[in-house]
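missing the sequence, but the structure's below:
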């Protein structure tokens, strides 16, 4: 999907850039990438770019991760640049920084593929309203809980889309997932430090 990126600033809620979430699936192998960046007009206010890549496969309706990478820049300076290789069958994940973490048996995802896992689980378990995942990033492995808080209609390009509202308190994250589009994100609201960001869908890219 293609998204507009907004930030709450001292001048109000402003559209500062764009973001693209791209999922490519070949047989049961997936590559999921995101790229978000501020437009040149707003670089003086908030110069930010972030690229993420997640790969893996789907087995028996579950997302099995094997790789995750991030490159994040603020004001042209690299703030995050790391890769994580995941060996679910051996219960460990290792970072390009040299750190290695033991993971508990079961599903392990990264901050990007957790969206795929959530979408899969909501499709396969429509009566559940709480989903918990082991999520690995540069700080290690932690459990994150996503709670479905009911329905909310979101207007996109003059069309009303019925969504499920999902909250992850640990991430200061609110998701609106489209019920008719396999629970893909229509709206993503995230608090990063003192700044609130919102991504609003422009269009799904088929």
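That came through fine. These numbers come from a predicted model, not from an experiment. Numbering: from 1, shown residues only.

helices of this structure, start to end?
114-124 (DSSP state H).

quick one: low-confidence parts of it?
9-11, 40-46, 204-206 (pLDDT under 70).

show me which strand runs longest in it.
strand 140-156 (DSSP state E).

can you give me the buried ones in that one?
The neighbour-count check on strand 140-156 (16 or more other C-beta atoms under 10 Å) flags 144, 146, 148, 154, 156 as buried. For glycine as for every other residue, the C-beta is placed from the backbone atoms N, C-alpha and C.

pairing partners for the fourth one in the sheet, please.
Applying DSSP bridges to residue 154 gives these bridge partners: residue 161.

is it true that it touches residue 176?
Yes - Residue 154 sits in contact with residue 176 when judged by C-beta atoms under 8 Å, with a separation of 5.4 Å.

shared neighbours, those two?
Taking C-beta atoms under 8 Å, 6 or more residues apart in numbering as the contact rule, residue 154 and residue 176 both touch 163, 186, 187.

make CSV from the residues you listed and add neighbour count to it.
Formatted as CSV, the shared contacts of residue 154 and residue 176 follow (neighbours: other C-beta atoms under 10 Å):
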residue, neighbour count
163, 24
186, 25
187, 20
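
nearest to residue 56 among those?
The closest of the shared contacts of residue 154 and residue 176 to residue 56 turns out to be residue 186 (C-beta to C-beta; 24.0 Å).

tell me the contacts of the closest one?
154, 156, 161, 163, 176, 177, 178, 200, 201.
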